[in-house]
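Visitor: Give me coordinates for this.
(chains A and B)
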Number of protein chains: 2
Amino acid sequence: MLEKLFNPKSVAIIGASAKELSIGNVITKNLLHYKFPGPIYPINPKTDEIRGLKAYPTIFDVAGDIDLAHIVIPPPFVPEAIEDCGKRGIKAVIINTAGFKEMGDEGEALEKQIVQNAKKYGVRVFGPNCQGIINTDPEIKAYCDFTFTYPKPGHISIVAQSGGVGAIIMQNFFDLDVGMRFYASNGNACDISIPEIMEYYGNDEKTRVIVLYVETLPNPEEFMEVAAKVATKKPILAMSAGTTEEGAKAATSHTGGLAGGIVTDLIFKKTGILAFKSAEEMCQAAVSFATQPVPKGNRVGMITNTGGPAIIATDELVKGGLKMPPLSGKAIDTLKQTMLPAASINNPIDVVATAGPSHFRSAVDVLMDEDQVDSIYIVFVTAPFSDCEGIAKELAIVGRQSKKPIVCNYITDKTQWTGTTRALQEGGIPFYDFPETAAKALVALTRYHDLQTGNTGTIKTFKDVNTDTVKEIIRKAKESSKEILPAASVYEILSAYNIPVAQWRIAADAGDAVNAAEELGYPVVIKADAESVVHKSDVGGVAVNLKDRNAVKSTAEEITKKIKADDLKFFVQKFMPGGKELIIGAKAEKGLGHLAMFGIGGIFVEVFKDVVFNIAPVTNLEA
Amino acid sequence: MLEKLFNPKSVAIIGASAKELSIGNVITKNLLHYKFPGPIYPINPKTDEIRGLKAYPTIFDVAGDIDLAHIVIPPPFVPEAIEDCGKRGIKAVIINTAGFKEMGDEGEALEKQIVQNAKKYGVRVFGPNCQGIINTDPEIKAYCDFTFTYPKPGHISIVAQSGGVGAIIMQNFFDLDVGMRFYASNGNACDISIPEIMEYYGNDEKTRVIVLYVETLPNPEEFMEVAAKVATKKPILAMSAGTTEEGAKAATSHTGGLAGGIVTDLIFKKTGILAFKSAEEMCQAAVSFATQPVPKGNRVGMITNTGGPAIIATDELVKGGLKMPPLSGKAIDTLKQTMLPAASINNPIDVVATAGPSHFRSAVDVLMDEDQVDSIYIVFVTAPFSDCEGIAKELAIVGRQSKKPIVCNYITDKTQWTGTTRALQEGGIPFYDFPETAAKALVALTRYHDLQTGNTGTIKTFKDVNTDTVKEIIRKAKESSKEILPAASVYEILSAYNIPVAQWRIAADAGDAVNAAEELGYPVVIKADAESVVHKSDVGGVAVNLKDRNAVKSTAEEITKKIKADDLKFFVQKFMPGGKELIIGAKAEKGLGHLAMFGIGGIFVEVFKDVVFNIAPVTNLEA
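Guide: Predicted coordinates for the structure are as follows:
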């Protein structure tokens, strides 16, 4: 369905312009600069030529096929332009123009009109209020976007809801001299959605890793379904913003979807997407995913020719859950033969700064052979008194055929060590300026292994529950506009779900409370039960371990004095000491079902905040 | 004292060599390449010329003064070379040679000999097993180091215990096109110490910020004294590695000093040093410290011309404790006049992607005028349809005279937008590729403000304590090789310190326990008291809320059955319900005094790990 969008053979720009600082001009320039091999048709009734290309008054004046049309004309004219595209047989359009849903009701109405017109003719719409797409394939070279980074071909495909963040990610790969495959930033996403783009990337042979940035999920269920499917095929690295209240406010003000942050992270986890808290970390990890295999476990072997960076890396790897196993006797015997006298034969293997190609090569070979090593971390400083290019070439030989991932903290001036750098690149060895960055990339590869191989568990369905009773209780509470259920209703719900509870009674007054206690047997608990009393302990509305009728009577009377509520009743329950206080909750999320909450309860909720959330249904293993 | 080291007018290299891949050759090359203006004297009895410079057989054959001598000859010859330097009147030497303390006893003996010889002649020694120093001052240009980065002049001074990490930091500033002032990595530090170097930087007029990396602190007290003094003069940004057990092991194996990690971080905090967990973050923050004023508070105003990066930055700023206050009515009125119609007039001010120089300038001016804004965060993507260079020039005008710090998330391809980049640089505006990085730099500036202005509190000395009693108890315990004090001793210590406790008795057996309980009055607690029983709850050695003699008797008998220890006694204490369980501790740290520990105690210690440490004495505010 997205073939024409991502693989256009010809492109029209409706609203192309000769004015240098205009979007229509920049898009034309980008297609030319990136050497798009197919015909480019600038559409503009007021000029004959734009950037040396023949301009056409309308798309109907173009003789050849048009696979993809950019629309960069003002919002009021866009719905008609879509209709024209439909009539002209154009199957994919990118609406770069802004001023639609994001600007209020009027814009939203225009956007609806666009979708209607597009559906009528089977036109697929990308945008509006968006950048566009890039395909780096040497045979396609489609730069249908107004950004400024001209990426080289590679295996990382990017989809970003925000063009700004997309630009940062793409430019970072460019700065790192790492290639990419597809780029897409679809703005308001009135038709073509992020899940659809993810699915397209998932089916693309040359895409090895997908990098995703989202702020809101307009349709979480669709997202989850597609993401779970794609994530089994290739790694998806993702980031969501809006994790603070202020950030979320900024994010939802755009599109009104489900805000990022905690829920999005839960969705990522549930669907097998690797979540990141930093765009930079995500980019750096993607570089390793693009060339390295996923490790089979969490045991790393380290080689270094300098001390400090290895210590920082060790901290970061261990914090990330990796282990540094000791070397086998066989490995130690070999290294004793091959290393310099000053070398330290441990894990890390410190080959020392004067080590040359043969020392590095032997150390890597030894770690490749070690059964108890799943991945290899190398610290390589280009000591000016060593044959660094020779070292890099040896590493590259191993790197090209490695079944274990290798990442390298490469400490150098790349403007001087060009041959060394090129050798590492040709060996497909990802390298990083900082130890913590390199370590985090390897941690990400290992986390992905855990995510992919982790048993997700099964969902248990409980048959012995009486949902009708529960629904009836909730219905009644709603009818009487109650926001807090009285204790009796809560316990009726627990009973309906067959959750065992200690015996209880509701008592109307102190005397009644004593009768209830006598029936239940001592010791008992008394809690104030009134709609206005939410945090009962805070107002002295809870008394535990009451051992006789006098204690019950005086306590109930005291509570009555403290809490002056007309609807005050007493919840009297058998005292069961020694248990754990828990908090259990559920929260409806639009388009997603429910979030379940579980954690330490009672007075500790606010103190420790030791509470976890998950998307229902929760499997036995997740639980 | 360190003038000759950091400002040499002439340099000798004892052990200079014509061999390309040798340290003595690389140092000679670096001095030449960096255009050291003074005379360079290669010392080598076997050759006449090294890299075009006349070589001398010994330092005594050199006619002119020698301010600084490198020593790169094998370890056994170094002590004598130091003696020669002393005789020749050389006051500073850098021993690059490795193979001393770090290699075991023999090397340590050699190192001691070096220090002795140096003291005899008043020679100051830098190293051994080290890189050296760099002074970027255009008049000095001393590259006395075998690294490979040739930094441009600036205001950041670096001191790194590890040459590898030092190289990473220096190269990063080079890659960011940011200048620096001094570099020093002193390896084994047998004489000139890191605190001494910090002090030198602190007194240097052109140093605006000090970047420090340490793994171990051989003399924590000296470090604290100097650091506290220097930190009042200029910002010190620091990182320590070895925060995990594995990392600490790697770090201490080097020098045997106080390991990094938690203790070093406490020292940093106590002395007003800004601590970092990532070398990259530290470097990025230093870039802002080098040009920006420290903010007067935590309220930030944001300007952006793209959405997503502003959301990520908002998350990061808010997480870092910054606030985004609403704009004043006056500010809103001005912006309504000056902004484009699509702009969003809030905090963040979204000037939109088509904004030009005047829009950015007005937004910055407005935030400069806002009393409730302490710092300014700018997201600036070089939209190809805007006059970006014009925007940068306006920002630079404001930046040059700003009393509020400005940091910028600058999203561009720097190989294309060279004029724009230069304009920002000339305005002294620090810019960053990633929103989270830019935000973290501003958070660091703000954290530094808090650190510098925070009231540190006062130390309360308690007079009403009986330390002699305590010392006697500890002495006796030591005498009998006890590692765990019996309950009676613990409570005697608490009494000696005048800490109120519930009444208690030690009982020899179950009968005795009943008598003790009768004396104390019910309810009581019983705890097993035996040297072998540390975690009493785990083995059923604790019973609370015992209400009568039967309960006490049966409980004591039960404990006796469970814990088969010959020295078993019972600690019987009045039961005091409703309190909080705490853990309080102290730990002696070599060269530092004591660490105090305080947190949630009892069975929760291991669960919540809600425990803090601090260096004694602890002030009332720290407490």
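Visitor: Can you read off the pLDDT for the residue in the stretch 151-300 of chain A that chain B sits nearest to?
Guide: The nearest approach of the stretch 151-300 of chain A to chain B comes at residue A:162, 2.4 Å away (C-beta to the nearest C-beta). Where C-beta positions appear, they are placed from N, C-alpha and C, glycine not excepted. At residue A:162, the model reports a pLDDT of 92.
Visitor: for it, what are its contacts?
Guide: Each residue near residue A:162 by C-beta atoms under 8 Å, 6 or more residues apart in numbering or on different chains is listed here: A:185, A:213, A:215, B:306-309, B:311.
Visitor: Find the centremost residue of chain A, please.
Guide: For chain A, the residue nearest the mean C-alpha position is residue A:238 (3.3 Å; C-alpha atoms, centre = their mean).
Visitor: Show me what the host helix or strand of that one is packed against.
Guide: Assigned by DSSP states H and E, residue A:238 falls within strand A:236-240. Using 3 or more C-beta pairs under 8 Å, 6 or more residues apart in numbering or on different chains; DSSP states H and E, the elements in contact with strand A:236-240 are strand A:209-214, helix A:262-271, strand A:274-276, helix A:279-291.
Visitor: Quick one: the helices in the stretch 501-623 of chain A, in order.
Guide: Using DSSP state H, counting those that start in this stretch, the helices of the stretch 501-623 of chain A run over A:510-520, A:549-562, A:605-608.
Visitor: sorry, back to before: in helices, which of the contacts of residue A:162 fall?
Guide: Secondary structure from DSSP state H places B:307-309, B:311 of the contacts of residue A:162 in helices.
Visitor: rewinding a little: now the weakest link among the helices and strands packed on strand A:236-240, please, by mean pLDDT.
Guide: helix A:262-271 - the lowest mean pLDDT of the helices and strands packed on strand A:236-240, at a mean of 87.
Visitor: Return the residues in contact with the residue in the stretch 251-400 of chain A that chain B sits nearest to.
Guide: Among all residues of the stretch 251-400 of chain A, residue A:308 sits closest to chain B, at 2.5 Å; criterion: C-beta to the nearest C-beta. Shown in contact with residue A:308 (C-beta under 8 Å, 6+ apart): B:160-166, B:213, B:215, B:241.
Visitor: Counting neighbours, what do you get for the residue nearest to residue A:569 when sequence neighbours are not counted?
Guide: Nearest residue to residue A:569 in three dimensions, chain neighbours excluded: residue A:529, at 4.4 Å (C-beta to C-beta, 6 or more residues apart in numbering or on different chains). Neighbours of residue A:529 under the rule other C-beta atoms under 10 Å in any protein chain shown: 23.
Visitor: Surely residue A:529 and residue A:487 touch.
Guide: Yes. The pair residue A:529 / residue A:487 is scored as a contact, 4.5 Å apart, by C-beta atoms under 8 Å.
Visitor: which helix of chain A spans the most residues?
Guide: For chain A, the longest helix by residue count, based on DSSP H, is helix A:435-453.
Visitor: name the helices or strands packed onto the helix or strand just after that helix?
Guide: As assigned by DSSP H and E, the chain's next helix or strand after helix A:435-453 is helix A:467-479. When contacts are defined as 3+ C-beta pairs under 8 Å, 6+ apart, helix A:467-479 sits against helix A:487-496.
Visitor: Could you pull up the residues touching residue A:456?
Guide: By C-beta under 8 Å, 6+ apart, the neighbours of residue A:456 are A:619, A:621-622.
Visitor: separation between it and residue A:374?
Guide: 22 Å (C-beta to C-beta, to the nearest Å).
Visitor: burial of residue A:363, as a residue count?
Guide: 31.
Visitor: ah, wrong one, I meant residue A:133
Guide: Residue A:133, neighbours per other C-beta under 10 Å, totals 26.
Visitor: Now do it against chain B, distance only.
Guide: 17 Å (C-beta to the nearest C-beta, to the nearest Å).
Visitor: Going toward the C-terminus from whichever strand or helix holds that residue, what's the next helix or strand?
Guide: For residue A:133, the host element (DSSP H and E) is strand A:132-135. Moving toward the C-terminus from strand A:132-135, the next helix or strand (DSSP H and E) is strand A:142-144.
Visitor: Mind giving me the packing neighbours of that following strand?
Guide: helix A:23-33, strand A:68-71, strand A:132-135.
Visitor: How far off centre is the last one?
Guide: When you say that, I think you mean strand A:132-135. 22 Å (C-alpha atoms, centre = their mean, to the nearest Å).
Visitor: Go ahead and name everything in contact with the strand holding residue A:133.
Guide: A:5-7, A:27, A:34, A:70, A:94, A:96, A:126, A:141-147, A:151, A:170, A:181-185.
Visitor: Swap in 6 Å and give it another go.
Guide: The contact list for strand A:132-135 (C-beta atoms under 6 Å, 6 or more residues apart in numbering or on different chains) reads A:6, A:94, A:142-145, A:182-184.
Visitor: which neighbours does it have in its sheet, and in what orientation?
Guide: strand A:142-144 (antiparallel), strand A:182-185 (antiparallel) (DSSP bridges).
Visitor: mind listing what residue A:469 touches?
Guide: Counted by C-beta under 6 Å, 6+ apart, residue A:469 has contacts residue A:496.
Visitor: Roughly how far does it sit from residue B:500?
Guide: 54 Å.
Visitor: can you check residue A:309 too?
Guide: Counting by C-beta to C-beta - residue A:309 and residue B:500 are separated by 52 Å.
Visitor: Of the two, give the one with the bigger neighbour count.
Guide: Using other C-beta under 10 Å, the more surrounded residue of residue A:309 and residue B:500 is residue A:309, with 28 against 6.
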